[in-house]
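>>> what shape does this take:
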Amino acid sequence: MTRLSERLNTPISSEELERRWSALRAAMGEQGVDVLVVQSASDHLGGYVRYFTDMPAIVGLATTVVFPRDADMIVVTHGPMNGDRQLTHEGDGILRGVARVLTFPYFPSIHYTQRAEAELVAEAVAPYARATIGLVNPFQLSYATGDFLKRALPQATWVEASDLVDRIKMIKSREEQELIRRTAGIQDLAMKAAFAAVEPGRREHDIAAVAQLTVQQFGGEQGIYMTGSGAPGEPAPLAPPHLQARVLQEGDVFNLLIETNGPGGYYTELGRSCVIGTPSQQAVEEFEFALQARRFCLDQLVPGASCRDVFESYNAYLRAHGRPEEDRLHCHSQGYDLVERPLIRADESLAIEPDMNIACHPIWSRDGCYAWICDNYLIGVHGPGASLHSFPEELIEV
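Numbering: from 1, shown residues only. As a prediction, this is how the structure comes out:
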């Protein structure tokens, strides 16, 4: 047994990887798929590569996994020109279950390097030129690579295999659930540290930086820190770092959303509001209704529930209480991705099942007041348990 590298940040156990591979190959056999092709370029919303290999795709450089039903994987990734490493099933201390690693220094910002990447993927898939090839979430597969593959392998049968993988990936094992709980705990610490740093004269990005430091100190790797602030009666919608230069003032409402992964790479998200001073009665009332609306949604997330039905019922509840309907995404699963299936919305075909990790974050703006809250829940046999986060569910006064 090859010893795992000390450089790895909380590696997934080999037993867990074998469980996934076995389940995927069984499903491939049932559906007549000979090989899967998976490509991702980010570990925010590109968790498929990490699910197969325990290694994230990062910084926009595409990593492609070729996953045969009857052999170890081939990985195509950025690296030395014409690299071709041969590995055993036990791996090299980092990769496991991988037979070959093919590399070339390609960059999506340099158009003429696209052919080199596509040729390597085609080489990896070539043994299946007359077989059934499943594309996993082709939304993430570059046009250059997909077009090249279909022209290079004209006798292959191409099928959409996203559902095949998603139905397995969205159900979390006990090992995965423990890592998810650890991520939530780190976010609790980060929110506490960030709110302790809130004071007039500091910019929003100063507070986000405190949260980021805490997350990384405790084992998180990637994520997004969204902030928003404003005077009472002035909406303070969440925004990315480019829009976080506002200086906080006495009396402001400050919103912080921590959407990060933790040890092992699993995402949860925690969102809260604080007030520099005393919150208005309107802010208190809207926050209390946000709690009620979230509970209404959570109570419907029982195994077997239709996501379409939950979404429609939730919007009817909002309408009946004079709030605007949800027109974004207020509830969804998470894992190696910030957002993974199923989504609580009208076009989701998958249903709620036990052992899903669900984030629920009702949010709206009404009469100048921005109301919201965000936590994660694991789905049990009777629905969601308690929040995975321990941070107080209240408007915090600082």
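>>> how many other residues sit next to Gln216?
15 (other Cβ atoms under 10 Å). C-betas here are computed from N, CA, C, even on glycine.
>>> packing partners for the one helix or strand it maps to?
Counting by DSSP states H and E, the element that carries Gln216 is helix 204-217. Secondary-structure packing of helix 204-217 (3 or more Cβ pairs under 8 Å, 6 or more residues apart in numbering; DSSP states H and E): helix 174-196, strand 223-230, strand 253-261.
>>> gap between the longest one and the chain center?
Here the centre of helix 174-196 is set off from its chain's centre by 15 Å, with Cα atoms, centre = their mean, to the nearest Å.
>>> hmm, Thr103 is touching Thr63, no?
No - the criterion here is Cβ atoms under 8 Å, and Thr103 misses it with Thr63 at 10.2 Å.
>>> between these two, which one's more packed in?
Thr63 (24 against 19).
>>> distance of that one relative to Gln140?
11 Å (Cβ to Cβ, to the nearest Å).
>>> need the overlap of contacts for these two.
Jointly contacting Thr63 and Gln140 under the rule Cβ atoms under 8 Å, 6 or more residues apart in numbering are Gln39, Ser40, Ala41.
>>> just give me the closest of these to Pro384.
Ranked by distance to Pro384 (Cβ to Cβ), the shared contacts of Thr63 and Gln140 are led by Ser40 at 28.6 Å.
>>> I figured the closest one hits Thr53, correct?
No - using Cβ under 8 Å, Ser40 is not in contact with Thr53; the gap is 10.2 Å.
>>> quick one: residues contacting Pro263.
Counted by Cβ under 8 Å, 6+ apart, Pro263 has contacts Asn9, Thr10, Leu179, Arg182, Thr183, Ile186, Phe218, Gly219, Gly220.
>>> could you redo the last one with a cut-off of 6 Å?
The contact partners of Pro263, taken as Cβ atoms under 6 Å, 6 or more residues apart in numbering, are Thr10, Leu179, Arg182, Gly219.
>>> need the pLDDT of the second one.
I take that to be Leu179. pLDDT, Leu179: 98.
>>> quick one: it and Gly264 touch, right?
Yes - at 3.7 Å, Leu179 and Gly264 qualify as touching, with contact defined as Cβ atoms under 6 Å.
>>> so Ile276 versus Gly201, what's the distance?
Ile276 sits 10 Å away from Gly201, going by Cβ to Cβ.
>>> could the helices and strands packed on helix 204-217 go into CSV alongside mean neighbour count and distance to Ala116?
Listed next are those as CSV, based on neighbours: other Cβ atoms under 10 Å; distance: least, Cβ to Cβ, whole Å:
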stretch, mean neighbour count, distance to Ala116
helix 174-196, 20, 35
strand 223-230, 22, 31
strand 253-261, 25, 30
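>>> now those in CSV, with distance to Gln281?
As requested, those are exported to CSV (distance: least, Cβ to Cβ, whole Å):
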stretch, distance to Gln281
helix 174-196, 22
strand 223-230, 17
strand 253-261, 13
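>>> in a helix, Leu120, correct?
Yes - judged by DSSP: H, G, I helix; E, B strand; the rest coil, Leu120 forms part of a helix.
>>> quick one: contacts for it?
Counting by Cβ under 6 Å, 6+ apart, Leu120 touches Val76, Leu102.
>>> Ser40 and Thr53: which is more packed in?
The neighbour count for Ser40 versus Thr53, taken as other Cβ under 10 Å, is higher for Ser40 (28 against 24).
>>> just the strands in the stretch 51-200 of the chain please.
In the stretch 51-200 of the chain, the segments counted as strands under DSSP state E, counting those that start in this stretch are 63-68, 73-78, 83-86, 98-104, 132-136, 157-160.
>>> how about these in CSV, adding mean pLDDT?
Below are the strands of the stretch 51-200 of the chain laid out as CSV (pLDDT from 0 to 100):
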stretch, mean pLDDT
strand 63-68, 98
strand 73-78, 97
strand 83-86, 96
strand 98-104, 97
strand 132-136, 98
strand 157-160, 97
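>>> turn these into CSV, including distance to Arg319.
What follows is the strands of the stretch 51-200 of the chain, written out as CSV (distance: least, Cβ to Cβ, whole Å):
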stretch, distance to Arg319
strand 63-68, 44
strand 73-78, 49
strand 83-86, 58
strand 98-104, 52
strand 132-136, 38
strand 157-160, 35
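>>> out of those, nearest to Lys150?
Nearest of those (Cβ to Cβ): strand 157-160, 6.6 Å.
>>> hang on, the earlier thing: quick one, which of Ile276 and Gly201 is more surrounded?
Higher neighbour count among Ile276 and Gly201: Ile276, with 17 against 9, using other Cβ under 10 Å.
>>> just so I know, which of the helices and strands packed on helix 204-217 lies nearest Ala71?
Nearest of the helices and strands packed on helix 204-217 (Cβ to Cβ): helix 174-196, 25.2 Å.
>>> which stretch among the strands of the stretch 51-200 of the chain comes nearest Ala27?
Closest among the strands of the stretch 51-200 of the chain, using Cβ to Cβ: strand 132-136, at 9.9 Å.
>>> paired strands for that closest one, with orientation please.
strand 35-40 (parallel), strand 157-160 (parallel) (DSSP bridges).
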